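Participant: Any chance you can model this:
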Amino acid sequence: MPPSLDPETKGRCTLSTNRPLTAKTTYDLSFLGLPDDPFAKPIWDNQAQVKCKIFLWTTHKRRIFTNERRAQRGLAASARCPFCSSDEDVEHLFLRCAEVATIWHTFDLDEQQIASLPQLEGVWDIPPPGQPATPRVWRTIMLAVMWNIWKGRNNKVFNSVDEPATLVLRCCASDIDLWSHRCKNAESKQQLRNWASYLSVINS
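Facilitator: Predicted coordinates for the structure are as follows:
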């Protein structure tokens, strides 16, 4: 039986005889009254693997372990970017470092358009002209870029291996082609494969 509700508690609890108290209902109740995150759909509605979606969610929440975040927690000696002398926060890692500018230029995105993470998220559903892509396909491509920038950065930090922009883009092409096999829609699958081919050709 659900607890009896007095006027002060009524409205803060939606439990009923049809929905017993469980970990899930308690978790759901914790979000009551909170606004929807407008970036939730781009994070979860794409063809990437779940681990990549979790990575994007962590980045969106600014909880990814940049050197700045690692240094604040005593996990790194310096907050510096592994590629330059600037401190490495989320914006620097994915948008401002000179190492990543060439990557974004490939998609007709420049430093003014994506000067901050919210600006980048604002173009997440807007593919560039000339290369057809549904919003879901474009989200997949953008996630592939972010994911491979992150992997390239980690290769530098932990293995002292430099990955040029051309290699990062080839890795993007490889992931996009792989993820196309997860796509059930024939048109979207072909669009992903076209993008994979395009990124492979321009960097060959």
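Participant: From here on, just use CA atoms for contacts and neighbour counts.
Facilitator: Fine.
Participant: check which helix or strand covers residue 101.
Facilitator: Here residue 101, judged by DSSP states H and E, is contained in helix 98-105.
Participant: before we move on, what about residue 156?
Facilitator: Judged by DSSP H and E, residue 156 forms part of helix 135-159.
Participant: Also residue 189?
Facilitator: helix 186-202.
Participant: packing partners for the helix holding residue 101?
Facilitator: Secondary-structure packing of helix 98-105 (3 or more C-alpha pairs under 8 Å, 6 or more residues apart in numbering; DSSP states H and E): helix 165-180.
Participant: Now do stretch 86-104, average pLDDT.
Facilitator: For stretch 86-104, the mean pLDDT works out to 95.
Participant: List the buried residues of the helix holding residue 101.
Facilitator: 99-104 (16 or more other C-alpha atoms under 10 Å).
Participant: got the contact list for the nearest residue to residue 164 once chain neighbours are set aside?
Facilitator: In space, and not counting its chain neighbours, residue 164 is closest to residue 99: 7.8 Å by C-alpha to C-alpha, 6 or more residues apart in numbering. Neighbouring residues of residue 99 by C-alpha atoms under 8 Å, 6 or more residues apart in numbering: 83, 164-165.
Participant: do residue 83 as well
Facilitator: Residue 83 neighbours (C-alpha under 8 Å, 6+ apart): 97, 99.
Participant: Export the lowest-mean-pLDDT helix or strand in the chain to CSV, keeping only CA atoms.
Facilitator: Every helix and strand of the chain was ranked by mean pLDDT, DSSP states H and E. The lowest is helix 23-29, at a mean of 77. The C-alpha trace of helix 23-29 is given here as CSV (Å, rounded to 0.1, in the frame of the first residue of the first chain):
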residue,chain,number,x,y,z
ALA,A,23,14.9,1.8,-7.1
LYS,A,24,13.5,2.9,-10.6
THR,A,25,10.5,4.8,-9.2
THR,A,26,12.7,6.5,-6.7
TYR,A,27,15.2,7.5,-9.4
ASP,A,28,12.3,8.8,-11.6
LEU,A,29,10.9,10.8,-8.8
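Participant: on contacts alone, who are the packing partners of the helix or strand just after that helix?
Facilitator: Where DSSP H and E defines the elements, the next helix or strand beyond helix 23-29 is helix 40-44. Packing contacts for helix 40-44, counted by 3+ C-alpha pairs under 8 Å, 6+ apart, involve helix 50-60, helix 135-159.
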